[in-house]
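Colleague: no sequence on this one, just coordinates:
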């Protein structure tokens, strides 16, 4: 079966455009057709009235025929002649022919029209041309004398007929044009109002995410209720699938962390106990692998926790406080690793979830410490730039080339020059958290030259925290 849906080259019309096309197509056909019919009816009626008036003049002339001394004459005085010819718009001509076809009275030039003779009481109307002038002529056969037949011809110019025709055309065009505009406006309003429930539904669906999968409760027309029911069933399936995925990821992370913690403890004890020196490098490698695996499990748990509560329970906070809280844990680690960790903190109020923002900063600091090389210098900054509150972590390590930065924000992706032992999840998790706060995460060049600057920008909270 062929598709009758209106299509444009290279694109498909929207539902509103389709409805308007199907509503307007009959209007564009029916309204002009109705206008033509209306014009024809009004024009024919008006012409009929004018012909009737012309015929009345012919009857008046026929009523002036008399028989005197066996001869047919026309009893016309000067005043009567002027009355027959009077018209405020057109020139009127008349002619009376005797039974022999000779001119009895009137304008002899009308005889050159050679109109066919009429029987008694028979009419003939025609458009004729005389001396280059268009005329409307009426011919009437009338009894005269003793069973004889005379011909009466009356003609007039077309001025009032042309004027009437123009006026009728203007009236019909204005009437039909106004009707078309009203119908088009009514169709647009009806389509717009009729599709308003779909627009509201679209706006509601646009705001949905895995944290908002409750059933739709819109009061919609009956035609949309099956669609609402289908969406609600889909949301229920998504909710169950998302819940199962989050449970699996959280359980897997917990199950991994427990044996890894035990294994790390055993390795630490083995290093403390007397042991063969040749085994120590192996224990060190095992210790590093366990640390990496534990970090990966922690990151997976962070992903599960973030996805379980996207955008939920946000509270007023200050990014300066978030950085200060993280500093308590990371200053000792930085000292132990030989890193120089500095803080330049200014107030940066925002709305957010503190545990997610702490996780973001922890991941970025871990990356700087892990990939910054030997004895890196790391600086944490907070502050405001216009409508944005920002938090930056800058290091003087090898950085990430500009063409690789977008790829570095993906999960399990690392820069080509990375020499650490990370899993490639830190920046991806930070990006997810930034987006859940309506902000952005940028990888920039360090202000001091070589290195990387990771900047978090979130909407600034104008109300003091």
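Modeller: Received, thanks. No experiment lies behind these values; they were computed from the predicted model shown. Numbers count the residues shown, from 1 in each chain.

Colleague: Domain map for this protein?
Modeller: 12-194, 313-465 (automatic domain parsing).

Colleague: Other residues contacting stretch 258-272?
Modeller: By CB atoms under 8 Å, 6 or more residues apart in numbering, the surrounding residues in contact with stretch 258-272 are 280, 283-284, 286-287, 290-291, 293-294, 297. From N, CA and C alone the C-beta is placed, and that goes for glycine too.

Colleague: Mind doing that once more with 6 Å?
Modeller: Contacts to stretch 258-272, defined as CB atoms under 6 Å, 6 or more residues apart in numbering, come from residues 283, 286-287, 290, 293-294.

Colleague: Columns neighbour count, distance to residue 150 and pLDDT on top of these, output as TSV?
Modeller: Below are the contacts of stretch 258-272 laid out as TSV (neighbours: other CB atoms under 10 Å; distance: CB to CB, whole Å; pLDDT from 0 to 100):
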residue	neighbour count	distance to residue 150	pLDDT
283	15	141	80
286	16	136	83
287	16	136	78
290	20	132	78
293	17	126	75
294	16	127	74
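
Colleague: Secondary structure added to those residues, as CSV?
Modeller: Below are the contacts of stretch 258-272 laid out as CSV (DSSP: H, G, I helix; E, B strand; the rest coil):
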residue, secondary structure
283, helix
286, helix
287, helix
290, helix
293, helix
294, helix
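
Colleague: that older thread, of the domains of the chain, which is nearest residue 220?
Modeller: Within the domains of the chain, the stretch nearest residue 220 is domain 12-194; the backing value is 11.4 Å (CB to CB).

Colleague: now the helices for the stretch 351-465 of the chain?
Modeller: Under the criterion DSSP state H, counting those that start in this stretch, the stretch 351-465 of the chain contains helices at 354-371, 405-408, 426-436.

Colleague: how about the longest one: buried residues?
Modeller: If you call a residue buried by 16 or more other CB atoms under 10 Å, then helix 354-371 has these buried ones: 356-371.

Colleague: May I ask which helix or strand encompasses residue 116?
Modeller: Using DSSP states H and E, residue 116 maps to neither a helix nor a strand.

Colleague: Just give me the neighbour total for it.
Modeller: A count of nearby residues for residue 116, using other CB atoms under 10 Å, gives 9.

Colleague: Could you provide the helices of the stretch 351-465 of the chain in TSV, with additional columns for distance to residue 337 and mean pLDDT?
Modeller: Output for these, formatted as TSV (distance: least, CB to CB, whole Å; pLDDT from 0 to 100):
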stretch	distance to residue 337	mean pLDDT
helix 354-371	6	88
helix 405-408	22	86
helix 426-436	16	86
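
Colleague: Present those as JSON lines; the columns should include distance to residue 117.
Modeller: Below are these laid out as JSON lines (distance: least, CB to CB, whole Å):
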{"stretch": "helix 354-371", "distance to residue 117": "108"}
{"stretch": "helix 405-408", "distance to residue 117": "99"}
{"stretch": "helix 426-436", "distance to residue 117": "98"}
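
Colleague: before we move on, back to that, now, of the domains of the chain, which is deepest in the fold?
Modeller: Most buried of those by mean neighbour count (mean count of other CB atoms under 10 Å) is domain 313-465; its value is a mean of 18.

Colleague: chain center to that domain: distance?
Modeller: The gap between where domain 313-465 is centred and where its chain is centred comes out at 39 Å by CA atoms, centre = their mean, to the nearest Å.

Colleague: Now do the nearest residue to residue 448 once chain neighbours are set aside, the pLDDT please.
Modeller: Excluding its sequence neighbours, the residue lying closest to residue 448 (CB to CB, 6 or more residues apart in numbering) is residue 396, at 6.5 Å. Reading off the confidence values, residue 396 has pLDDT 88.
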